[in-house]
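Asker: Please work out how this folds:
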Amino acid sequence: AWDGSTWVALDTRVGQAGWSLAEKRVFDIDEHSVASTRYRLNVSANNGSTEYWGVGEMEMMEAMIPGMSRGQSYDPAGTFYSGIASVCVTSTMVVGSGLIWWYTNAADLFDRDGDDALYSMAIDSTIVVDAGAASPVSAIGWEIDFSSGTKSVRWNAVGAHRYWRLRTTDALENDGHAAATWAVEYSDNGSDWVVAALLNVSDVNSQMREMRILAPIDMTLVSAQAVPARSVPSEARLLLLHEAIDAVTLNTDLVAEVSRDDGTTWTAAPLVDLGPFATSGSIRILGGIADLSAQPSGTAMRWRVRTFNATEQRLHGASLRWS
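Answerer: Presented below is the predicted three-dimensional model:
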């Protein structure tokens, strides 16, 4: 990458032999701080050939980094954005056999009085979250902060339901030794319950500090900075590295757009599936072309990706080019 005064090596590869015609290979570049509009591929050895070497096409994907998101979470281990958020937070526990506490209103927060209290579930205790009749929750996970660590469980989407609860399925002593298994359940009427998942807590202390119900939310992702074009572009091509956790309809649940005036005006780039990113895994390459001719004249290029209908999706990378 050209940093304005010299070429900076971002990645080096050796021993890249045995290429087949039209073969595609994917290389990851470690995170770096060099922002540039000029990149080059410098080949110093050609596997013994003195005649030629060729590249049919090369795409550079912008990795997902913290700071792009607006209202969703970044996973640093997986280097992707995913629209998963805590939709209900509670810490009210009831200790005692057969007792139930109905916990209402997703806006209620943990430890409101600042005492950092600890709570323990006793035998057959149940914690119920009432999301409200007008706002059922399409939960896909439950996360609990214990005094000795965090435990979480995820499950496939089971639809939106008003009531969600955590229930001990076997004995729990009051001295802080956890039962082996708890159940996460859902209900539409508060009486008939269905198990969504089982949570193993045998390796943590039973004292809980906070609980969170997780659900997909809609995302808006915008490129971290505008990239200057040398001239006013009339067309742009956007490529995405996308992973659909839920069933996703392109251009309905996932919409891509491009701007040439630094994000003031956006034009849709209708997406099509171009195939898998690698030979295995669930990440796919999506591509779309945006006609920018109707936008106000400009050269500050940005991309934007939005998700809809509370579908869980992951965006791993993006590439934007124009002409």
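
Asker: Which parts of the stretch 201-323 of the chain are strands?
Answerer: In the stretch 201-323 of the chain, the strands defined using DSSP state E, counting those that start in this stretch lie at 208-216, 220-222, 227-228, 235-244, 254-259, 267-268, 271-276, 283-291, 300-307, 313-322.

Asker: Can you tell me which of these is most buried?
Answerer: strand 254-259 (a mean of 23; mean count of other CB atoms under 10 Å). Where C-beta positions appear, they are placed from N, C-alpha and C, glycine not excepted.

Asker: Give me the contacts around it.
Answerer: Contact with strand 254-259 is made by 236, 238, 240, 242, 248, 265-271, 286, 288, 290, 292, 295, 298, 300-308, 311, 313, 320, 322, as judged by CB atoms under 8 Å, 6 or more residues apart in numbering.

Asker: if we can go back for a sec, right, and the strands of the stretch 201-323 of the chain - which one's nearest Trp19?
Answerer: Trp19 sits nearest to strand 271-276 of all the strands of the stretch 201-323 of the chain, at 18.7 Å, using CB to CB.

Asker: Mind giving me the packing neighbours of that closest one?
Answerer: Packing contacts for strand 271-276, counted by 3 or more CB pairs under 8 Å, 6 or more residues apart in numbering; DSSP states H and E, involve strand 254-259, strand 283-291.

Asker: same thing but at 7 Å, please
Answerer: Strand 271-276 sits against strand 283-291, with contacts defined as 3 or more CB pairs under 7 Å, 6 or more residues apart in numbering; DSSP states H and E.

Asker: strand partners of the strand it packs on, parallel vs antiparallel please.
Answerer: Paired strands of strand 283-291, with direction, are strand 235-244 (antiparallel), strand 271-276 (antiparallel) (DSSP bridges).

Asker: now the angle between strand 300-307 and that strand, please.
Answerer: 130 degrees (axes from the mean of the first three to the mean of the last three CA atoms, to 10 degrees).

Asker: coming back round to it: can you redo the strands of the stretch 201-323 of the chain as TSV with mean pLDDT and distance to Asp30?
Answerer: Formatted as TSV, these follow (pLDDT from 0 to 100; distance: least, CB to CB, whole Å):
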stretch	mean pLDDT	distance to Asp30
strand 208-216	76	30
strand 220-222	85	22
strand 227-228	88	21
strand 235-244	93	17
strand 254-259	96	27
strand 267-268	98	33
strand 271-276	93	23
strand 283-291	94	19
strand 300-307	92	23
strand 313-322	88	14
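
Asker: who wins for proximity to Ala22 among these?
Answerer: Ala22 lies closest to strand 271-276 among the strands of the stretch 201-323 of the chain, at 12.7 Å (CB to CB).

Asker: Dump that closest one to PDB, keeping only the CA atoms.
Answerer: The C-alpha trace of strand 271-276 is given here as PDB (Å, rounded to 0.1, in the frame of the first residue of the first chain):
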ATOM      1  CA  LEU A 271     -27.400  -8.000  -4.600                       C
ATOM      2  CA  VAL A 272     -26.900 -11.400  -6.200                       C
ATOM      3  CA  ASP A 273     -25.200 -14.400  -4.800                       C
ATOM      4  CA  LEU A 274     -21.800 -15.000  -6.500                       C
ATOM      5  CA  GLY A 275     -21.000 -18.200  -4.700                       C
ATOM      6  CA  PRO A 276     -19.000 -19.400  -1.700                       C
END
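
Asker: Can you give the contact residues for that strand?
Answerer: If you take CB atoms under 7 Å, 6 or more residues apart in numbering as the criterion, strand 271-276 is touched by 250-251, 254, 256, 284-288.

Asker: What of stretch 16-23?
Answerer: For stretch 16-23, contacts defined as CB under 7 Å, 6+ apart pick out 47, 56.

Asker: and the end-to-end length of it?
Answerer: Length of stretch 16-23, first residue to last, CA to CA, to the nearest Å: 12 Å.

Asker: Please apply the same query to stretch 256-269.
Answerer: Terminal residues of stretch 256-269 are spaced 5 Å apart (CA to CA).

Asker: And for stretch 243-258?
Answerer: 20 Å.

Asker: Kindly report the same for stretch 22-30.
Answerer: When the termini of stretch 22-30 are compared using CA to CA, they are 26 Å apart.
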